[in-house]
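Novice: Fold the following and give me the result.
(2 chains)
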Amino acid sequence: MPPSLGTVPVMPDPRPGAEAPPEHGALVEEIESLPDGRTIRFFGREPPPTAGPA
Amino acid sequence: MTERRLDPTTGEWVTFSTERQDRTYRPAAGSCPLCPTRPGGAATEIPRAAFDIAVFDNRYPALALRPPPPSVAGTALTPVEPAFGHCEVVVYTDDHHASLATVGVSRIRLLVDVWAARTEALGALDGVAYVLPFENRGEVVGVTLDHPHGQIYAYPDVPPRPRRQLDHARAHLARGGTCVWCDLVSQECDGPRVVVRGEHWLAVVPFWARWPYQVEIWARDHVPDLPALPAAARRDLAAVLGTVVAAYDRLFGFPMPYVLGVRQRPTDGGDWDAVSHVHIELDPPYRRADRLKYLAGSETIGGAYLTDVSPEQAAERLRRTAEGVELTP
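Specialist: This is a model prediction of the structure:
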């Protein structure tokens, strides 16, 4: 019997401001045409909601 | 010349795309067509200075949505047909030197979402029967561009390996009423071939590994394809996949080349839900750090694989290495 593996270890992200959960927001897709007519799609995340006015 | 010809001795189609002979071949890092277009720099394939994931039509596609007519006339014995389908390039980082081992769980999670979104979009096209996301990494597996990237092919039929697996899964279901992959998850989950055990995914060196350090990542629940994965399973897949690739690199001491692909439910409208169980296969070609595993006579001519490393040994080495892997979120 192998040792218990538990969950996958995830190291804290050392980058400043990276403490927020990383996958806020829905998948965002932007579609553009390349000069030769091919299609390119850029995918990212919808930015996290910003706090409203105090 | 772009067309598909049938091998009547096996029933398998072979795609010919002679224009691909002229595709860009291993340019220097400073001339990489998959890097962002930097201000003041030469235009690349990607007209932005920064991006998370870019997906674009392959400049040299083997399959096309509007393919040209075949260059030769087929016969009833040896048919030929236009090479219908679609080929996309998936660049999952704008960092030329990154990899799935270093981009972090969040980026791989985004990649899983992109795979799922493109599976849905391409699978909905008339005539597309199967969507295969894959990545080739490393010169020894034929990569012509070093920038980390994968591809997505949309086929007009179910390719031979998935087709054979689905046929066997259907036979297994008919015999015992269960999914063969679910049965494998149950059998292997606490066994000696586990590499990483996530909450939703199990990475194992399969009992039958064809490559010395082959790893398969199986969904622990019965999910037929990427679009059907719930959010928690997508996040877990990102962590398990990143850990496996990082373990390869750490165990071998260099960025391990591999062929990676996702097998999932065909999109031809058939009754596949009970027999399709989404999983990833990674085939690295090394049998030790200084020796490649070649497909020689037995494998190439006979289709009968011989391997030099026991799956249990490979799994133990990878598992011990994976335990020390720390991914960035």
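
Novice: Give the residue spans of chain A that score low on pLDDT.
Specialist: Residue ranges of chain A with pLDDT under 70: A:1-24, A:51-54.

Novice: if we go to 90?
Specialist: A:1-25, A:46-54 (pLDDT under 90).

Novice: Output the set of residues of the stretch 1-150 of chain B in proximity to chain A.
Specialist: Residues of the stretch 1-150 of chain B found near chain A (CB under 8 Å from any CB of the partner chain) are B:45-48, B:51-57, B:59, B:104-106, B:109-110, B:113-114, B:117. Bear in mind the C-beta positions are built from the backbone N, C-alpha and C, glycine included.

Novice: and those residues, which of them are in strands?
Specialist: Taking DSSP state E, the ones among the residues of the stretch 1-150 of chain B next to chain A that sit in strands are B:I53, B:A54, B:V55, B:F56, B:D57.

Novice: Any chance of TSV for those residues, columns distance to B:E88?
Specialist: Compiled in TSV, these are given as follows (distance: CB to CB, whole Å):
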residue	distance to B:E88
B:I53	11
B:A54	10
B:V55	5
B:F56	7
B:D57	6
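
Novice: ok, B:V215 - how many residues close by?
Specialist: Residues within reach of B:V215, counting by other CB atoms under 10 Å in any protein chain shown, total 31.

Novice: who does the closest residue to it other than its chain neighbours bridge with?
Specialist: Excluding the flanking residues, the one nearest B:V215 by CB to CB, 6 or more residues apart in numbering or on different chains is B:L282, at 4.7 Å. On the basis of DSSP bridges, B:L282 is bridged to B:V215, B:L260.

Novice: Who are the contact partners of B:M256?
Specialist: Counting by CB atoms under 8 Å, 6 or more residues apart in numbering or on different chains, B:M256 touches B:R137, B:G138, B:Y213, B:V245, B:Y248, B:D249, B:P284, B:Y286.

Novice: what pLDDT does the first one get?
Specialist: If I follow you right, that is B:R137. Looking at B:R137, its pLDDT stands at 96.

Novice: what pairs with it across the strands?
Specialist: Beta-bridge pairing of B:R137 under DSSP bridges involves B:Y258.

Novice: what's B:R118 in contact with, if anything?
Specialist: B:R118 makes contact with B:V55, B:E88, B:V90, B:V131, B:P133, B:I152 under the criterion CB under 8 Å, 6+ apart.

Novice: so where do the strands sit in chain B?
Specialist: For chain B, the strands defined by DSSP E occupy B:2-7, B:12-17, B:53-57, B:80-82, B:86-91, B:130-137, B:150-155, B:194-197, B:201-204, B:215-219, B:258-263, B:279-283, B:286-288, B:291-292.

Novice: May I ask which of the contacts of B:R118 has the most neighbours?
Specialist: Highest neighbour count within the contacts of B:R118, by other CB under 10 Å: B:V131, with 30 neighbours.

Novice: Out of the contacts of B:M256, which comes closest to chain A?
Specialist: Set against chain A, the nearest of those by CB to the nearest CB is B:V245 (12.3 Å).

Novice: Tell me how many other residues surround that closest one.
Specialist: A count of nearby residues for B:V245, using other CB under 10 Å, gives 27.

Novice: where does it land on pLDDT?
Specialist: Per-residue pLDDT puts B:V245 at 98.

Novice: ok, it - contacts?
Specialist: Residues near B:V245 by CB under 8 Å, 6+ apart: B:S99, B:L100, B:A101, B:M256, B:Y258, B:L282.

Novice: Selection in PyMOL covering whichever of the residues of the stretch 1-150 of chain B next to chain A are buried, please.
Specialist: A single PyMOL command selects the buried members of the residues of the stretch 1-150 of chain B next to chain A (16 or more other CB atoms under 10 Å in any protein chain shown):
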select buried, chain B and resi 45+46+47+51+52+53+54+55+56+57+59+104+105+106+109+110+113+114+117
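
Novice: on that earlier part again, scan the contacts of B:V245 and report the most crowded one.
Specialist: B:L100 (29 neighbours).

Novice: Am I right that it is in contact with B:T243?
Specialist: No. Here B:L100 does not reach B:T243: they are 9.8 Å apart, not a contact under CB atoms under 8 Å.

Novice: re earlier: would you turn the ones in strands among the residues of the stretch 1-150 of chain B next to chain A into a markdown table with pLDDT?
Specialist: A markdown table is the format used below for those (pLDDT from 0 to 100):
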| residue | pLDDT |
| --- | --- |
| B:I53 | 98 |
| B:A54 | 98 |
| B:V55 | 98 |
| B:F56 | 98 |
| B:D57 | 98 |
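
Novice: Nearest to B:V275 among those residues?
Specialist: Lowest distance from B:V275 to these (CB to CB) belongs to B:V55, with 28.9 Å.

Novice: Which residue lies closest in space to the closest one, excluding its sequence neighbours?
Specialist: A:R41 is the one closest to B:V55 (CB to CB, 6+ apart), at 4.6 Å.

Novice: count of neighbours near the nearest residue to B:P162 once chain neighbours are set aside?
Specialist: Of all residues not flanking B:P162 in the chain, B:R263 sits nearest, at 5.1 Å (CB to CB, 6+ apart). Other residues lying near B:R263 total 22 when counted by other CB under 10 Å.
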